[in-house]
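**Student:** No letters, just coordinates:
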Ligand code: CMP
């Protein structure tokens, strides 16, 4: 059965352009409840570790530099079929290819500066939620 939890990160471009509130409202309108949130500035080590699955790919150094360039906002989200639904709601990686009305079509600048990250599997959602939030924190926050 699909899990009801996933992780989003509002990326530094969207925080810097003041779009965080609009993006959170968009996600809530799509039925997601925010169970945990935090504004963080990632170190190089943290950004590199979070995206370790992409290590060695040509865009990895740029991705790590971008993710540590300013504050970002991880969100632990809940709704039915959370992972699949969130990926549909945010749209394609490249905003030029994203469907109308998706978060990236509305708020992203480019494939690199693309406003939001979302977990791509239930397994990664568990790992990524754990990257930012402790079990103890979540136990007190999750309904
Ligand atoms: P995200 O969903 O956060 O996962 C990895 C990120 O790498 C992706 O969004 C993009 O922002 C970034 N990226 C930059 N260039 C590319 C590329 N050519 N292919 C895939 N992802 C890329």
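**Tutor:** Arrived safely. This is a predicted model, so every value here is computed, not measured.
**Student:** got the buried residues for the helix or strand of the chain with the lowest mean pLDDT?
**Tutor:** Here the helix or strand of the chain ranked lowest by mean pLDDT, DSSP states H and E is helix 135-141, holding a mean of 83. Within helix 135-141, not a single residue qualifies as buried, counting by 16 or more other CB atoms under 10 Å. Heads up, the C-betas are built off the backbone N, CA and C, glycines and all.
**Student:** same check, this time on stretch 29-44
**Tutor:** 32, 35-37, 42.
**Student:** And these, which two are furthest apart?
**Tutor:** By the measure CB to CB, 32 and 42 form the most distant pair in these, at 22.6 Å.
**Student:** Residues of this protein that sit close to the ligand?
**Tutor:** Taking CB under 6 Å from any ligand atom, the part of the chain that reaches the ligand is made up of 54, 59, 63, 93, 111-112, 114, 117.
**Student:** List only buried entries from those.
**Tutor:** For the residues of the chain next to the ligand, buried by 16+ other CB under 10 Å: 63, 114, 117.
**Student:** Out of those residues, name the ones that lie in helices.
**Tutor:** Of those, the ones assigned to helices by DSSP state H are residue 63.
**Student:** For the protein, which segments count as helices?
**Tutor:** Under DSSP H, the chain gives helices at 12-16, 20-29, 44-50, 60-67, 82-90, 103-107, 122-132, 135-141.
**Student:** Give me the buried positions along the second one.
**Tutor:** By neighbour count, and taking 16+ other CB under 10 Å as the criterion, the buried residues in helix 20-29 are 20, 23-24, 26-27.
**Student:** Likewise for the longest one?
**Tutor:** By 16+ other CB under 10 Å, the buried positions in helix 122-132 come out as 122, 124-125, 128-129, 132.
**Student:** Could I get the average pLDDT for it?
**Tutor:** Mean per-residue pLDDT for helix 122-132: 97.
**Student:** do the same with the second one
**Tutor:** Along helix 20-29, the predicted local confidence has a mean pLDDT of 98.
**Student:** Show me what it is packed up against.
**Tutor:** strand 5-10, strand 33-37, strand 73-78, helix 82-90, helix 103-107 (3 or more CB pairs under 8 Å, 6 or more residues apart in numbering; DSSP states H and E).
**Student:** The first one to strand 33-37, inter-axis angle?
**Tutor:** Read that as strand 5-10. Using axes from the mean of the first three to the mean of the last three CA atoms, to 10 degrees, the inter-axis angle of strand 5-10 relative to strand 33-37 is 60 degrees.
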